[in-house]
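Student: Next come a sequence and a model predicted from it.
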Amino acid sequence: MIDCIFCKIINHEIPADIFYEDENVIAMMDIKPVSRGHVLVIPKKHSNDLLTTDDVTLHHVITKIKEIAIALTKTVNAQGINISTNNGAAAGQAVFHLHFHLIPRFSSDGLVSWPHHDSEPKTRAQLAEEIKKNL
Ligand code: 5GP
Ligand code: ZN
């Protein structure tokens, strides 16, 4: 048995503010929200992250994310929503059971977005070629 906090929540061994549950997916409020209404959508089947998750599970999760994102945006009257998943500790992942963050955004919420950097056309083209080879 894996010692996983999200598996324990899924099994109702520890409490959480779960507002949706079906055979494949749960959705709950994040315990330390980035913004008002920060939600986590989680497949019931354990996998560490998106890259190691089977496509059928991903299909279940992404379709439910769309539905919940619409309802959540309406509920908190958000102007936008960030939907993301962290893959690996270097990317900020702390809980190693796949989960998607649904973070409502408001026009003047003051949250910092990704920093963008200038890049060279040659570097971009080279990287695109290398990725293509690995697909
Ligand atoms: P990560 O950094 O792995 O992408 O995100 C983990 C998220 O899970 C964080 O936003 C954190 O606040 C949330 N979290 C961690 N433990 C719990 C918990 O026990 N209950 C709930 N509801 N959220 C949790
Ligand atoms: Zn788990």
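Tutor: Perfect, I can see it now. Ligands and ions are numbered 1, 2, ... in the order given.

Student: can stretch 85-92 be found next to ligand 1?
Tutor: Yes. Counting by Cβ under 6 Å from any ligand atom, ligand 1 has neighbours in stretch 85-92: 86, 92. The way it works is simple: take the backbone N, C-alpha and C, and place the C-beta from them, glycine included.

Student: For that stretch, buried residues please.
Tutor: 85, 86 (16 or more other Cβ atoms under 10 Å).

Student: for that stretch, what is the average pLDDT?
Tutor: For stretch 85-92, the mean pLDDT works out to 98.

Student: List of residues touching it?
Tutor: By Cβ atoms under 8 Å, 6 or more residues apart in numbering, the surrounding residues in contact with stretch 85-92 are 49, 50, 51, 93, 94, 98, 99, 100, 101.

Student: Out of those, who's the most crowded?
Tutor: Most neighbours among these, by other Cβ atoms under 10 Å: residue 98, with 25 neighbours.

Student: Where does it fall, secondary structure wise?
Tutor: Using DSSP states H and E, residue 98 maps to neither a helix nor a strand.

Student: OK, contacts around it?
Tutor: 42, 43, 47, 48, 49, 50, 53, 61, 85.

Student: before we move on, what about residue 44?
Tutor: Neighbours of residue 44 in contact, by Cβ under 8 Å, 6+ apart: 10, 23, 24, 25, 26.

Student: what do you get for residue 21?
Tutor: Going by Cβ under 8 Å, 6+ apart, residue 21 touches residue 27.

Student: give me the beta-bridge partners of it?
Tutor: residue 26 (DSSP bridges).

Student: Which residues of the chain lie near ligand 2?
Tutor: Residues of the chain lying close to ligand 2 (Cβ under 5 Å from the ion) are 4, 6, 7, 46, 97.

Student: give me the number of residues near residue 75?
Tutor: Residue 75 has 14 nearby residues by other Cβ under 10 Å.
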